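Colleague: 3D model of this:
(chains A and B)
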Amino acid sequence: MLARIFPHPVLTAGLIVIWLLLVNHIKVGSLVMAAILGTAIPLLTRSYWPDRPRIRSLRALAGYALLVVWDIILANIIVARIILFKPNDRIETRWITVPLDLRTPEAITLLAATITLTPGTVTADMSACGRALLIHSLHAPDPDAVRDEIKSRYEARLKRIFE
Amino acid sequence: MIAEVVISLLLVIGGAFGLIGSLGLLKLRQPMQRLHAPTKATTIGVGAALLASIIYAATVLDDPSWQELLIMVFLFITSPITANFLSKAHLHRTIPPDSLPPTGTDSPWATLDTEDAAPARDADRQAP
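Modeller: Below you'll find the model as predicted:
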């Protein structure tokens, strides 16, 4: 019964938080509005999102977010140095194939977004069967090292969180 | 006073990264390389400016505001999708398929998986 009214509890909680952030204050009126939106939107969109993603540990997910923010800051500095100080003909731009162990669509989406957000790498495409990602790397003298780092640093953590 | 120094520092850092991102657009040669520059300015460049805005509202204005976090969240959700669509369009139009690495699986890259579409397109072209 509860699962029919709230098909996506995490989405409901997220919508409530987003609405409260949007109105920028906590009053009874905005709480009621947040609850209405948090109930209605998951119900109206449930046919487009039939399965519920399983998140094993919210704490691990929060830890992952912090790790990604830290990596974004570090990688920004690295890319800034490449742009400013490296002559164009010494930038070794490469395509990299990353085979996937993840099978959950939500986890693969998060991995692809993480790769794009960390400067220096962009997720360009996915294999038609969904088992490999095509990554474009701005400067990768050692493509295998980039692939291994993505697999051990991000994919292994996402696998623990989602699968 | 300390808050003002931190705010100014954040604004300078954000501005510097925005500038470097734009410089990258000018300097790098291949379109795929250029894609790296602006997607980076959206992370630290905008992030530092938003953090400065949060601190300014909380200390100088004395009216805490968290809406900036939402901007960050929406930016983080949308910018990977833009980058993905730009590179997919680029793969379609200019990159020769044999310059890409193998997928390591039985199927080709999704963007190039056009076995059904290709004959149809040729037929269109031949039709007077």
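Colleague: Up against chain B, what does chain A have?
Modeller: A:18, A:21-22, A:24, A:72-73, A:76, A:79-80, A:83-84, A:88, A:91, A:93, A:95-97, A:99, A:112-113, A:116-117, A:119-120, A:122-129, A:131-132, A:134, A:136, A:138 (C-beta under 8 Å from any C-beta of the partner chain). To be clear about C-beta, it is placed using only N, CA and C from the backbone, and glycine gets the same treatment.
Colleague: Provide a list of residues in contact with the nearest residue to B:P31 once chain neighbours are set aside.
Modeller: Closest residue in space to B:P31, ignoring its immediate chain neighbours: B:H90 at 5.8 Å, by C-beta to C-beta, 6 or more residues apart in numbering or on different chains. Counting by C-beta atoms under 8 Å, 6 or more residues apart in numbering or on different chains, B:H90 makes contact with A:A124, B:P31, B:M32, B:L35.
Colleague: So which of the residues of chain A next to chain B belong to strands?
Modeller: When DSSP state E is applied, the residues of chain A next to chain B are split such that A:W95, A:I96, A:T97, A:P99, A:V122, A:T123, A:A124, A:D125, A:M126, A:A132, A:L134, A:H136 fall in strands.
Colleague: Can you find the helix or strand of chain B with the lowest average pLDDT?
Modeller: Lowest by mean pLDDT, DSSP states H and E among the helices and strands of chain B is helix B:117-126, with a mean of 44.
Colleague: B:S65: how many residues sit nearby?
Modeller: By other C-beta atoms under 10 Å in any protein chain shown, the residues close to B:S65 number 15.
Colleague: Roughly how far does the residue nearest to the spatial centre of chain B sit from chain A?
Modeller: By C-alpha atoms, centre = their mean, chain B has its centre lying nearest to B:T39, at 2.9 Å. Using C-beta to the nearest C-beta, to the nearest Å, one obtains 7 Å as the distance from B:T39 to chain A.
Colleague: In contact with that residue, which residues?
Modeller: Contacts of B:T39 by C-beta under 8 Å, 6+ apart are A:T116, A:L117, A:P119, A:V122, B:S79, B:T82, B:A83.
Colleague: The last one - that's part of a strand, no?
Modeller: Same thing as B:A83. No: going by DSSP: H, G, I helix; E, B strand; the rest coil, the assignment for B:A83 is helix, not a strand.
Colleague: Distance of it relative to chain A?
Modeller: From B:A83 over to chain A (counting by C-beta to the nearest C-beta), the distance is 5 Å.
Colleague: Model confidence at that residue, what's the number?
Modeller: B:A83 carries a pLDDT score of 86 in this model.
Colleague: so it touches A:L117, yeah?
Modeller: No: using C-beta atoms under 8 Å, B:A83 is not in contact with A:L117, being 9.0 Å away.
Colleague: Leaving out chain neighbours, which residue sits closest to the residue nearest in space to the middle of chain A?
Modeller: Nearest to the mean C-alpha position of chain A, counting by C-alpha atoms, centre = their mean, stands A:L110 at 2.7 Å. Closest residue to A:L110 in three dimensions, ignoring its sequence neighbours and counting by C-beta to C-beta, 6+ apart: A:L158, at 6.0 Å.
Colleague: rewinding a little: closest one of the ones in strands among the residues of chain A next to chain B to B:E68?
Modeller: A:V122 (25.6 Å; C-beta to C-beta).
Colleague: Quick check on B:T105: phi, psi?
Modeller: phi -120, psi -180 (degrees, to the nearest 10).
Colleague: Oh, that last question was meant for B:P96, not what I typed.
Modeller: phi -70, psi 130.
Colleague: Next one: it, what pLDDT does it get?
Modeller: We note a pLDDT of 77 for B:P96 in this prediction.
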